[in-house]
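Chemist: can't give you the sequence, but here's the structure:
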């Protein structure tokens, strides 16, 4: 197995071949139709071949190509079912594995980062990687104090590969648009590219992970492994076992999928309030379902803090307030708030009621006490926004996403995508009311006053 392709010309050639392959398969499909094959069979074969080429190349190149593939994979539930079927297996492969780098390369990085006697730091070290991600791969080991650990080793040349891949991908982002209806691919690639330096900085990752590990140390629902050791290209953390979320998606019981969905929503919304950090890479490969000590319930294990959004005050209360006012039907107030925050440019004048109608279907999960996320619901939302003839599409194009909300928006969409893959029934409103600033409904203060009266009875009552 070759090492991470590092020469820009080699990587560029591989990525540049993708759009040529798409065009070639389209021509092949026309030939098959002329030869008598049905449109349905030809379409299915085209989709399968496209998926195989796209994600084989992304997986082999690792770097930014694979990072893009992982980001894209959480949105597969938005694809029409006849398209999603062939793509699903190829997409999810990127969430847990990729071709490994040679053992000799791994050992060379460890020797450079931990010293030539690096083996003395470990009681055991498994040369076979347990997982591979976009910029590094993980090996299971036993630290010298007998703790089971995960050793993340960064690919040599990962930074150069990330930048090169994402620059090249942005050049034909338009061709990838049809993969996810209603989603503009180019801003996603741009945002990934802007965060390259953070993704490569294991010191920042260690700080973010340790902050979460300390905050969630005694949490009954969430497990974050402690950081054991960190250097420029090696990060050692405690090992956690569990069922990968990708396996829960494909083979979990209804109860397991519902529990995983509830815990995922709880962690992602509570994180900013508790740590001032938002875990910004919520694809299934970064989560595990762990049994509680008594075996009666499940906890959520969280991995990979390489990409986070720093939110010292928690999530912006603008989001919570706009959600609450949308649910309460306050069209004018919602529109005014969106204008203030830059979601509507000064040069554009929209109808507040139309904006409310556009938003209501999207926030349906927050309108009810309990909501079942499904691929069908996700596809309906994507189709509504992607339909060029629909008012929703036209209005969506006129709205603006301020830069400060870009990562929050992507994380929210990604989380919804994973919940739809799980098919989970989630009490999302509970999590929003508890953790989202500004969302708590107006009647809540009255309930608090009643509670205070019960705790502090009047003089007459005390007599």
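Modeler: Thanks, I have the structure now. Given the structure is predicted, the values throughout are model-derived calculations rather than measurements.
Chemist: show me where the protein has strands.
Modeler: Ranges of strands in the chain, per DSSP state E, are 122-125, 131-132, 136-143, 148-154, 222-223, 227-230, 234-238, 243-244, 277-279, 287-291, 298-302, 308-310, 371-372, 425-426.
Chemist: Quick check: closest non-adjacent residue to residue 355.
Modeler: residue 335 (5.4 Å; Cβ to Cβ, 6 or more residues apart in numbering). From N, CA and C alone the C-beta is placed, and that goes for glycine too.
Chemist: So what's the residue count around the one you found?
Modeler: 21 (other Cβ atoms under 10 Å).
Chemist: which residues touch it?
Modeler: By Cβ atoms under 8 Å, 6 or more residues apart in numbering, residue 335 lies in contact with 344, 350, 352, 355-356.
Chemist: Can you read off the pLDDT for it?
Modeler: Listed pLDDT for residue 335 reads 95.
Chemist: Can you give me the distance of the residue nearest to residue 198 when sequence neighbours are not counted to residue 277?
Modeler: Spatial nearest neighbour of residue 198, chain neighbours left out: residue 204 (5.8 Å); criterion: Cβ to Cβ, 6+ apart. To residue 277, residue 204 is 11 Å away according to Cβ to Cβ, to the nearest Å.
Chemist: What is the neighbour count of residue 141?
Modeler: For residue 141, the neighbour count with other Cβ under 10 Å is 21.
Chemist: To clarify, my last question referred to residue 349.
Modeler: Neighbours of residue 349 (other Cβ under 10 Å): 9.
Chemist: try residue 220
Modeler: Count around residue 220 with other Cβ under 10 Å applied: 9.
Chemist: Surely it and residue 296 touch.
Modeler: No. Counting by Cβ atoms under 8 Å, residue 220 does not reach residue 296; the two are 11.6 Å apart.
Chemist: what bridges to residue 143?
Modeler: residue 122 (DSSP bridges).
Chemist: Do I have it right that it meets residue 236?
Modeler: Yes. With contact defined as Cβ under 8 Å, residue 143 reaches residue 236; the gap is 6.9 Å.
Chemist: Which of these two has more residues huddled nearby?
Modeler: Higher neighbour count among residue 143 and residue 236: residue 236, with 25 against 19, using other Cβ under 10 Å.
Chemist: What separation do you get for the more buried one and residue 121?
Modeler: On the measure of Cβ to Cβ, residue 236 and residue 121 end up 8 Å apart.
Chemist: Could you do residue 292 as well?
Modeler: 32 Å.
Chemist: So which of these two has more stuff around it?
Modeler: Set side by side, residue 292 and residue 121 show more neighbours around residue 121, with 19 against 11, by other Cβ under 10 Å.
Chemist: That one - nearest residue in space that isn't next to it in sequence?
Modeler: Nearest non-adjacent residue to residue 121 (Cβ to Cβ, 6+ apart): residue 144, at 5.5 Å.
Chemist: Which pLDDT value goes with that neighbour?
Modeler: What the model reports for residue 144 is a pLDDT of 97.
Chemist: How about residue 155?
Modeler: pLDDT, residue 155: 86.
Chemist: now swap in residue 400 and tell me
Modeler: On pLDDT, residue 400 comes in at 85.
Chemist: Got the phi and psi for it?
Modeler: Dihedral pair for residue 400: phi -120, psi 140, per degrees, to the nearest 10.
Chemist: Would you mind measuring from it to residue 363?
Modeler: For residue 400 relative to residue 363 (Cβ to Cβ), the value is 19 Å.
Chemist: again, but for residue 208
Modeler: Taken as Cβ to Cβ, the span from residue 208 to residue 363 is 29 Å.
Chemist: ok, those two, which is more surrounded?
Modeler: More crowded of residue 208 and residue 363, by other Cβ under 10 Å: residue 208, with 23 against 15.
Chemist: Can you tell me the closest non-neighbouring residue to that one?
Modeler: Leaving out its chain neighbours, the residue that sits closest to residue 208 by Cβ to Cβ, 6+ apart is residue 305, at 4.1 Å.
Chemist: same deal with residue 367?
Modeler: Counting by Cβ to Cβ, 6+ apart, the residue nearest residue 367 is residue 327, at 5.4 Å.
Chemist: Could you report the pLDDT at the one you found?
Modeler: The model's pLDDT for residue 327 equals 95.
Chemist: what residue ranges in the protein score low on pLDDT?
Modeler: 1-99, 133-134, 171-185, 188, 388, 441-463 (pLDDT under 70).
Chemist: show me where the stretch 351-463 of the chain has helices.
Modeler: Secondary structure of the stretch 351-463 of the chain (DSSP state H, counting those that start in this stretch): helices at 352-362, 364-367, 375-386, 391-398, 406-422, 428-435, 444-455, 459-462.
Chemist: that older thread, the contacts of residue 335 into CSV, with extra columns for neighbour count and distance to residue 242?
Modeler: What follows is those, written out as CSV (neighbours: other Cβ atoms under 10 Å; distance: Cβ to Cβ, whole Å):
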residue, neighbour count, distance to residue 242
344, 20, 44
350, 16, 46
352, 17, 46
355, 22, 42
356, 17, 42
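Chemist: Now the two most distant members of these.
Modeler: Across the contacts of residue 335, the longest distance by Cβ to Cβ is 12.9 Å; it joins 344 and 356.
Chemist: Residue 135 versus the residue nearest to residue 198, what's the distance?
Modeler: 13 Å.
Chemist: Identify whichever of the strands of the chain lies nearest to residue 111.
Modeler: Judging the strands of the chain by Cβ to Cβ, what sits closest to residue 111 is strand 234-238, at 10.4 Å.
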